[in-house]
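1. sequence first, predicted model second:
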Amino acid sequence: MWSAIAAAAVVGFAAFGIWWSTSPKPAVEKSTTPPPHVTFALPRGGSLTGSLPADVAEQQAIALLTAAPLFRVNRSTDEVEAWLAEASVSSTDKLVYTIKLRGSVTRADGAALVAEDVVSTLNAHPPTIAEKPVAARAIDPQTIELTFPSPFAPGLRVLDAIPIPGYGPFVMTGRASSGRITFARNPHYWRQAPDGKPLPYLDEMVLEGRAARPDQLDFNENVRPSYYRSLRQADDAGKLRLYDLGPGLDADAMWMNRSSAKPWLSSDVFRQAISTAIDRRAFCDTVFAGMCDPIAGPVTPGSGAWFMPDLPFGHDPALARATLAGLGLQDRNRDGLLDDDQGRTVRFTLLVPRGRDTLERGAVFLRDEWKKIGIAVDVTTLDPSVLQGRWQKGDYDAIYDRLPMRDSDPAMNLDFWLSSGSRHMWNPRQPNPATEWEAHIDQLMMKQSTTFDRVERAQAFAEAQRVFAEHMPAIYFGAPYMYVATSMRVLNARPVRQRPALLWNAEGLAAAKPQ
């Protein structure tokens, strides 16, 4: 999604931003499994330079390097790990968690980790459950109590999104107008390597601006489909490492303004018809050079067991035309375009954020395919901030953009699924569900997020996905693959399918010594 939505994808980074701003699948040619990472005897010192991922907010990347949560999600195993916290105990009803902080942990400025400081951060911008805050209080200098507004199956996983400033492996040392940001190792960092020596391994980390040349980078997450062949050849020649990670968590989608004066835009049947008109395999081949899996909904194969591969997305232009005719949309004046019963041409404007080449290519592909069934689409690219304003005002026909999922666990994305959610794109923040099927999804997602039985959670979410696919409030086409390229200098890379793919493990990255 555009920058403001991407930044909001991790609620706790808002608190962090205040602090740091004021403080001193085509068949792959190699295995998609990254090589085993080294866990000891890594060289210390040196510097690595990389790109800031295009769809990751700058504030989020800075937080990953300079802050740390109480509990974090290990992106490699998807397990929750105690981080600044040492241990936790929950009440029988799973509403109250008592958390013990690690002892002898100091901030980058040398100050000790104490409960009051952590609580201050948590209460300033608290973690939320269905957009209701989790309350935090300090019991003693090393103990915190969290009270959840309702049972929440992911539990302390919610704290992964709340970085506590100053406890990360690096400190920010500079920022240039070009977008270049420099970091130095935090001499007070509290974690140790398996060999007992202090982390991080690196002395310096540099994030270059968006315009950085790929050949100047040690790691690059902005691998475009057009780069793939040359990078694969360089990998084969031993000049760099290219990691094929498969589909990520995020996918591009189109949604329509259900309050538009154009009545067909609010019709479930209309959306189903135009979805059927799209050959999703051809979409992936054209837009992502084949590096994409066709999908029918917002959950991608990158979400593991939560993904439903059997959701239908058949391609049948004849059926699409017949379905539209059943809505009374016909080519009445024989100009090749459909008209409604009042003679209005079936036409809508599709807004796309400017500067995202795959989104712009995707919009053109959709426009051309829909023209074949008699629907006129005018593609308009806008600055992302302008597009965001149009969406918030409801001043649009349709929008095509990337919708980020902050976590593989569906309960962590309730603001997307619930009709009252701020990221419920097709009709955000409804005080009450607009339709019976949206109320049904609300009920399913609340059950999915509040029951602790994994089977029941899976069943509820599978049903929510089926209801979504039946009514198709947002139309999905493909889940693009993720690629990470690193120079041969980069050691201990553990890239994952969630951006930023490397910085989540920044403390463990190391640089090979010159030969």
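-> Yes, it's here. Numbering: from 1, shown residues only.

2. just give the nearest non-adjacent residue to the residue of the chain most remote from its centre, would you?
-> The outermost residue of the chain, judged against the average C-alpha position, is Asn333 (45.1 Å), by CA atoms, centre = their mean. Nearest non-adjacent residue to Asn333, counting by CB to CB, 6 or more residues apart in numbering: Asp339, 6.6 Å away. In this view, the C-beta of every residue, glycine as well, is placed from N, C-alpha and C.

3. so Leu351, which state does it fall into?
-> Judged by DSSP: H, G, I helix; E, B strand; the rest coil, the three-state class of Leu351 is strand.

4. just the pLDDT for it.
-> Here, the pLDDT recorded for Leu351 equals 98.

5. now the stretch 301-450 of the chain, which segments are flagged as low pLDDT?
-> Within the stretch 301-450 of the chain, not a single segment meets pLDDT under 70.

6. hmm, try it at 90
-> 312-314, 355-357, 392, 403-406, 421-434 (pLDDT under 90).

7. and the stretch 151-300 of the chain, by the same measure?
-> 176-180, 194-197, 208-216, 221-229, 258-261, 263-264.

8. so what's the residue count around Arg367?
-> Residues lying near Arg367 (other CB atoms under 10 Å) number 16.

9. for Val158, which residues are in contact?
-> Applying CB atoms under 8 Å, 6 or more residues apart in numbering to Val158 gives the contacts Pro127, Thr128, Ile129, Val134, Phe152, Met412.

10. which one among the residues you listed gets closest to Val96?
-> For the contacts of Val158, the minimum distance to Val96 (CB to CB) is 10.4 Å, reached by Val134.

11. contact partners for the residue nearest to Ala277 when sequence neighbours are not counted?
-> Excluding the flanking residues, the one nearest Ala277 by CB to CB, 6+ apart is Ala320, at 4.0 Å. With contacts defined as CB under 8 Å, 6+ apart, Ala320 is in contact with Ala273, Ile274, Thr276, Ala277, Ile373.

12. the last one in helix, strand or coil?
-> The reference is to Ile373. Per three-state DSSP, Ile373 ends up coil.

13. what's the spacing between it and Ala325?
-> Between Ile373 and Ala325 the distance is 10 Å, computed by CB to CB, to the nearest Å.

14. higher neighbour count, the two?
-> Of the pair Ile373 and Ala325, Ile373 is the one with more neighbours under other CB under 10 Å, namely 21 against 14.

15. close enough to count as contact, that one and Ile278?
-> No - applying CB atoms under 8 Å as the test, Ile373 and Ile278 come out as separate, 9.9 Å apart.

16. for the residue nearest to Asn333, name its beta-bridge partners.
-> Beta-bridge partners for Asp339, by DSSP bridges, are Gln330, Thr345.

17. now do the contacts for it.
-> For Asp339, the residues meeting the contact criterion (CB under 8 Å, 6+ apart) are Leu329, Gln330, Asp331, Arg332, Asn333, Thr345, Val346.

18. which of the residues in stretch 482-493 are buried?
-> Within stretch 482-493, the residues scored as buried using 16 or more other CB atoms under 10 Å are Met482, Tyr483, Val484, Ala485, Thr486, Ser487, Arg489, Val490, Leu491, Asn492, Ala493.

19. how much space separates the third one from Arg107?
-> When CB to CB is the yardstick, Val484 and Arg107 sit 31 Å from each other.

20. ok, the second one next?
-> In this structure, Tyr483 lies at 36 Å from Arg107, with CB to CB as the measure.

21. try the fourth one
-> Ala485 is 34 Å from Arg107, where distance means CB to CB.

22. the lengthiest strand in the chain: what's the following helix or strand?
-> What stands out as the longest strand in the chain, according to DSSP state E, is strand 478-487. Using DSSP states H and E, the helix or strand that follows strand 478-487 towards the C-terminus is strand 490-491.

23. paired strands for that following strand, with orientation please.
-> Here strand 490-491 is paired, per DSSP bridges, with strand 510-511 (antiparallel).

24. mean confidence for the strand it pairs with?
-> Mean pLDDT, strand 510-511: 96.

25. show me the contact partners of that strand.
-> Strand 510-511 is touched from outside by 38, 42-48, 201-202, 218, 489-492, with contacts defined as CB under 8 Å, 6+ apart.

26. and what of stretch 199-213?
-> 42-52, 54, 61, 65, 169-170, 176, 178-186, 189, 191-193, 216-217, 222, 492, 506-511.

27. looking at the residues you listed, which are in helices?
-> Ala61, Leu65 (DSSP state H).

28. any of the contacts of stretch 199-213 buried? List them.
-> Buried members of these, counted by 16+ other CB under 10 Å: 42, 44, 46, 48-52, 61, 65, 169-170, 181-186, 189, 191, 193, 217, 222, 492, 506-511.
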